[in-house]
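Student: I need the structure of the sequence given here:
(one chain, ligands or ions: 1)
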Amino acid sequence: MLIAIFSMKKYRIDTSGIQGRGIFLTRDIKKDETIFIFSGKEITFTSGYWWYHPNALQCGYAKWIVPRKGSAGEYLNHCCSPTAGVKGKNRIVAMRDLKKGEEVTIDYALSETYPLWHMTCVCKAKNCRKVVKPYQDMPAWRMKKYIDYTSKYILDMKMHLNWNEYLTVTKEKKVRTTIK
Ligand SMILES: [Zn+2]
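Tutor: Numbering: from 1, shown residues only. This is a model prediction of the structure:
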């Protein structure tokens with residue numbers, strides 16, 4: 001019985017209106033609830049391997065997670081109006097209260113910073129960007145709007161800050177260093 005409860009998934013894989021197959025909720029999910037952990041093999045840029053995995057999730061400056069075959073990560077579609085986001089390194093969480101049957105989508109740009117990366121988008125959202133580019137190409141208001149659903153490494157690198165904010169943070173750090 002316990003095993004049955006723990007293995008109960010919150011989603012199923014089915015045909016997506018966006019592309020190929022996608023992840024669909026099998027029950028209502030509350031805002032910020034974890035839907036699944038994006039797990040797989042971690043690879044580095046120098047392996048030259050990541051480029052061939054369109055569903056790899058970037059989790060560090062030059063690090064990506066390639067989803068295990070058949071795992072949820074393989075079916076995680078992008079949408080310009082996403083229902084989920086990344087918390088921490090690889091936790092996929094609901095961005096709002098979600099209903100059973102809704103597709104779990106993330107905005108790939110909230111975890112991807114490789115400068116040459118771009119993707120033609122067919123998500124059908126009203127605000128579809130048509131071409132999705134890396135995080136740093138996003139306007140500041142979008143960075144702010146999705147700050148709680150942005151990959152940790154991006155926030156750690158302070159990529160969400162504008163130049164003035166960045167300088168302020170850097171100055172504070174310098175002051176603290178001097179005191180020590
Ligand atoms: Zn789109």
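Student: who in this protein is up against the ion?
Tutor: 80, 121, 123, 128 (CB under 5 Å from the ion). Quick note: C-beta positions are derived from backbone N, CA and C, even for glycine.
Student: want to throw the residues you listed into a markdown table with pLDDT, secondary structure and neighbour count?
Tutor: Converted to a markdown table, the residues of the chain next to the ion look like this (pLDDT from 0 to 100; DSSP: H, G, I helix; E, B strand; the rest coil; neighbours: other CB atoms under 10 Å):
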| residue | pLDDT | secondary structure | neighbour count |
| --- | --- | --- | --- |
| Cys80 | 96 | coil | 19 |
| Cys121 | 95 | coil | 18 |
| Cys123 | 93 | coil | 22 |
| Cys128 | 97 | coil | 14 |
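Student: okay, now the unreliable bits of the chain?
Tutor: By pLDDT under 70, the low-scoring segments of the chain are 1-7, 47-52, 173-180.
Student: how about the residue nearest in space to the middle of the chain, what does it touch?
Tutor: The chain has Val86 as the residue nearest its centroid, 4.1 Å off, counting by CA atoms, centre = their mean. By CB atoms under 8 Å, 6 or more residues apart in numbering, the contact set of Val86 is 38, 57, 92-93, 106, 110-111, 149-152.
Student: that one belongs to a helix?
Tutor: No - counting by DSSP: H, G, I helix; E, B strand; the rest coil, one finds Val86 to be strand, located in no helix.
Student: where's it relative to the ion, distance?
Tutor: Separation of Val86 from the ion (CB to the ion, to the nearest Å) stands at 17 Å.
Student: again, but for Ile35
Tutor: For Ile35 relative to the ion (CB to the ion), the value is 20 Å.
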